[in-house]
Structure formats: structure tokens, C-alpha cells
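**Q** no FASTA, just this:
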């Protein structure tokens with residue numbers, strides 16, 4: 001256990017975070033500490049303040065994997081930082097408890113920089129964790145915090161006349177990979193079980209063990225107000241958090257692009273920096 005390095009790492013990570021980064025109110029007035037208070041980190045990590053103080057002072061005993069995972073969540077560590085934390089504590093990293101559902105600020109900001117693109121952020125299990133106003137106007141129902149794989153195989157997504165089967169294989173490939181990375185995540189296990197029970201198509205694709213990457217694809221979607229839309233889907237991976245950002249656009253100057261622009265103009269929050277996202 002590298003006590004001094006661990007202590008420095010914990011202090012630096014705590015100082016680098018703001019309350020709003022971890023879903024806490026910013027409060028009013030000046031804070032005596034540049035980042036989070038020890039009490040805030042200890043509460044988020046489900047550990048005692050005294051133990052955190054001792055770790056930050058290089059005096060604490062070697063933390064257990066449960067404590068290290070709690071610190072990972074509290075300090076919003078990415079996969080590389082989590083491995084580093086375990087290494088400093090002299091422990092082998094355990095499989096993550098489940099997919100990260102925290103959306104980093106730079107990812108949220110990115111969604112605003114492409115106003116003509118409908119953008120959706122999903123975790124490794126296809127839970128929707130953030131979306132832009134245009135995405136809600138285009139896809140509908142995102143406020144209910146859906147799972148895109150569940151929508152795909154339950155038939156509750158908007159009618160798609162092309163690209164439907166391809167996304168089915170992409171979704172199964174991603175879910176199979178997620179089950180390997182997060183073997184103890186009960187919510188992911190329940191999702192796969194539900195889809196296996198309720199969808200013969202899902203069972204058939206799962207049995208083929210597809211190897212697919214999202215990349216670029218096109219789809220034709222039937223929208224209740226905008227009509228038939230020919231759309232491009234491009235995926236930006238966020239490897240630090242095992243997440244994906246899906247950007248849905250239309251070819252410039254096409255009827256579908258004009259329809260998307262009209263949807264964007266009418267979307268709630270389209271005239272301001274609104275962005276819906278799930279609490280982490």
C-alpha cells in the first residue's frame with residue numbers, strides 16, 4: 001500500500017470536484033475548502049469521516065474493495081483512475097458494480113454544440129441517461145428514462161422502416177459485452193432476462209453471439225408530425241465511463257434536415273441551454 005501516494009491522490013481528487021459535479025447543492029457563501037468537504041465525500045462513499053481523514057493523512061489501514069468502490073463513486077473516478085486507486089491501495093481491481101450512469105459535464109456541454117443534431121447519451125446497458133431537446137422531440141418518451149434495447153425488442157420505439165434489424169444486432173453485441181464487464185450488476189442481469197423471456201428475436205440474436213460495432217448507419221423513421229425521415233446515426237464513444245453519445249442528423253439541405261429544424265424550433269428548451277439528464 002502506497003500510503004503517501006494514496007493520500008495525495010485522494011486529496012487532489014477531492015479538491016478538484018465541485019458540489020454540483022456530484023449532485024450536491026452549491027450552497028451560498030465562500031467555502032473554506034477548494035473542492036468537496038471530507039464530510040461530503042464520506043457520505044457519498046458510505047464511509048466514516050474519521051477513516052477518510054486517516055487515509056488522506058497517510059495513516060489509515062488498507063481500505064477494502066467496498067471502500068475503494070465507494071470512493072470511486074464519490075470522487076467520480078473513470079476506469080483508469082479506478083485502477084490507479086486500487087493499485088495505490090495494494091488491491092486488485094474487482095469488476096465494477098455496474099455501468100456508470102454519471103454524465104460528465106463536458107459530455108453534457110457537447111450536446112449543446114450541435115443544435116441540429118438529436119443527441120442521446122446511453123450507459124453500457126442502453127439506459128438513456130441524458131438527451132437534448134431535439135432528441136425528445138424526435139424520439140419521444142425520453143423523460144420516462146427508457147432503455148433503448150428494451151424499446152427496440154418490445155416494439156415500443158417509433159416505427160423504423162430501415163436500419164431496424166442492424167440496431168438489434170448492435171444492441172445485443174453491446175449487452176453481451178456489458179454482461180462480461182459487469183457480472184454483478186443486478187439491473188443489467190434483469191434486463192437481459194426480461195428481453196430473453198419476452199422476445200424471440202432477442203433470444204435468436206443472442207444465440208449467434210454477434211460481433212458488431214455501432215459506427216455509422218442510416219435509418220428511416222416515421223414521425224407522427226414530421227412524417228418520413230431519413231436519418232444518419234453516428235456514435236461517439238466515451239470510453240472513460242463506458243458510455244456512448246448517439247448523434248442523429250439528416251443530410252444538409254434535404255427534406256429530412258428541414259423537418260428536423262422545424263422540430264428543433266418547436267422543442268421545449270430549444271431557445272436556451274436546457275438539457276434533460278438522469279440524476280447520477
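**A** Perfect, I can see it now. None of the values given here were measured: they were computed from a predicted structure.

**Q** in the protein, which residue is closest to the centre?
**A** The residue lying closest to the centre of the chain (C-alpha atoms, centre = their mean) is residue 123, at 3.6 Å.

**Q** Which secondary structure element of this protein has the lowest mean pLDDT?
**A** strand 276-277 (a mean of 42; mean pLDDT, DSSP states H and E).

**Q** Quick one: end-to-end length of stretch 119-133, please.
**A** Length of stretch 119-133, first residue to last, C-alpha to C-alpha, to the nearest Å: 8 Å.

**Q** And for residue 118, the neighbour number?
**A** Residues contacting residue 118 under the criterion other C-beta atoms under 10 Å number 27. All C-beta spots, glycine's among them, are computed from the backbone N, C-alpha and C.

**Q** So it versus residue 186, what's the distance?
**A** Residue 118 is 31 Å from residue 186, where distance means C-beta to C-beta, to the nearest Å.

**Q** do residue 95 as well
**A** Look at residue 95 and residue 186: by C-beta to C-beta, they are 13 Å apart.

**Q** just residue 168 next, same as before
**A** Taken as C-beta to C-beta, the span from residue 168 to residue 186 is 24 Å.

**Q** So if I had to pick from those two, which one is more boxed in?
**A** It is residue 168, of residue 168 and residue 186, that has more neighbours when counted by other C-beta under 10 Å, with 20 against 10.

**Q** just to confirm, which helix or strand has that one in it?
**A** helix 164-181 (DSSP states H and E).

**Q** what does that helix rub up against?
**A** For helix 164-181, contacts defined as C-beta atoms under 8 Å, 6 or more residues apart in numbering pick out 95-96, 99, 124-126, 148-149, 152-153, 160, 185, 188-189, 191-192, 195, 201-202, 205-206, 209-214, 217, 219, 242.

**Q** again, 7 Å this time
**A** Under the criterion C-beta atoms under 7 Å, 6 or more residues apart in numbering, residues 95-96, 99, 124-126, 149, 152, 188, 192, 201-202, 205-206, 209-212, 214, 217 lie in contact with helix 164-181.

**Q** so of the residues you listed, which ones are in helices?
**A** Using DSSP state H, the subset of these located in helices is 149, 152, 188, 192, 201-202, 205-206.

**Q** Now rank those residues by neighbours and give me the top one.
**A** Busiest of the ones in helices among the contacts of helix 164-181 [other C-beta under 10 Å] is residue 149, holding 25 neighbours.

**Q** what about residue 6, how many residues close to it?
**A** Residue crowding around residue 6 was assessed by other C-beta under 10 Å; the count is 24.

**Q** Just give the nearest non-adjacent residue to it, would you?
**A** Spatial nearest neighbour of residue 6, chain neighbours left out: residue 88 (4.1 Å); criterion: C-beta to C-beta, 6 or more residues apart in numbering.

**Q** How about the contacts made by that neighbour?
**A** Taking C-beta under 7 Å, 6+ apart as the criterion, residue 88 is in contact with 2, 5-6, 9.

**Q** same thing with residue 68?
**A** Going by C-beta under 7 Å, 6+ apart, residue 68 touches 85-86, 89, 91.

**Q** Could you do residue 79 as well?
**A** With contacts defined as C-beta under 7 Å, 6+ apart, the neighbours of residue 79 are residue 240.

**Q** Quick check: beta-bridge partners of residue 248?
**A** Judged by DSSP bridges, the bridge partners of residue 248 are residue 118, residue 233.

**Q** Look at residue 228 and say how many residues are nearby.
**A** Using other C-beta under 10 Å, residue 228 has 13 other residues around it.

**Q** Roughly how far does it sit from residue 63?
**A** Noted for residue 228: a distance of 56 Å to residue 63, by C-beta to C-beta.

**Q** quick one: residue 227 from residue 208, how far?
**A** According to C-beta to C-beta, residue 227 and residue 208 sit 35 Å apart.

**Q** scratch that, residue 138 is what I was asking about
**A** According to C-beta to C-beta, residue 138 and residue 208 sit 30 Å apart.

**Q** Same question for residue 178.
**A** 17 Å.

**Q** between those two, who's got more neighbours?
**A** Between residue 178 and residue 208, counting by other C-beta under 10 Å, residue 178 is the more crowded of the two (22 against 10).
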